[in-house]
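Participant: Here is a sequence with its predicted model. Questions after.
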Amino acid sequence: MAYRLRKINFLGRQHVVICQAENGPCPLIALSNVLLLTKRLEIHSDLSFISMPELITLVANRLFESNPPLADEALQLNQQQQLDAVVNMLPRLQYGLDVNLKFTDVDAFEFTEELAAFDLLDVHLYHGWLVDPQEEAASVVGGLSYNQLVERAIATSGTPGATAAAASAPSPGAAPDA
């Protein structure tokens, strides 16, 4: 698959960005565009398209450039294992991103291999699924993650007194009802 490149003006400067070929999730494109807009990744402005393998190679190279070897041997081994795992996982980012958010803060996520790519590239990921601590729902949600709440809803959906609302919690990627 190849993606069209487009030149845009951002903060008074010309940048190349990657366009999606079709609708749907593509965190690899989003991550790459953040890197392009912050001048941490470069694609020659004369190009019109970039293939998925070329894009993965560019991001993988950036991962290694952003994380030079550490002096401490144990830390270096850990870093190398993380980098290898993320580079091997990069192709999956063209299909989606596995996140398990918490409702307590805009940057509260459980660690996943996919999120390690963002961490190692110093790209911050945020969500808007927050519960107002003054609302009654806050006492139910507490510090639980999305997955923990879904498990709880499923476990209680068959018990007397369980609410239909708890059993039909929307997913973080779902659009809110109008």
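Facilitator: Cool, got the structure.

Participant: What segments of this protein are strands?
Facilitator: 2-10, 13-18, 49-51 (DSSP state E).

Participant: export those to TSV and tack on distance to E113?
Facilitator: The C-beta positions use only the backbone N, C-alpha and C, and glycine is treated the same way. As requested, the strands of the chain are exported to TSV (distance: least, CB to CB, whole Å):
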stretch	distance to E113
strand 2-10	23
strand 13-18	22
strand 49-51	24
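
Participant: Dump those strands to CSV, plus mean pLDDT, mean neighbour count and distance to L75.
Facilitator: Formatted as CSV, these follow (pLDDT from 0 to 100; neighbours: other CB atoms under 10 Å; distance: least, CB to CB, whole Å):
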stretch, mean pLDDT, mean neighbour count, distance to L75
strand 2-10, 94, 13, 36
strand 13-18, 95, 16, 33
strand 49-51, 95, 15, 34
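
Participant: Name the residues of the longest helix seen in the chain that come out as buried.
Facilitator: Ranked by residue count, the top helix of the chain under DSSP state H comes out as helix 73-89. Neighbour counts over helix 73-89 (16 or more other CB atoms under 10 Å) mark 79, 82-83, 86-87 as buried.

Participant: Of those residues, just say which sits nearest to S66.
Facilitator: L83 (9.6 Å; CB to CB).

Participant: Now do the contacts for L37.
Facilitator: L37 is in contact with 10, 15, 17, counting by CB atoms under 8 Å, 6 or more residues apart in numbering.

Participant: Where does pLDDT dip in the chain?
Facilitator: Residues of the chain that meet the criterion pLDDT under 70 lie in 159-178.

Participant: mind running it again at 90?
Facilitator: 1-2, 21-26, 96-98, 111-113, 133, 137-140, 142-143, 152-153, 156-178 (pLDDT under 90).

Participant: all helices of it, in order?
Facilitator: Going by DSSP H, the chain shows helices at 27-37, 52-66, 73-89, 113-120, 137-141, 146-157, 164-167.
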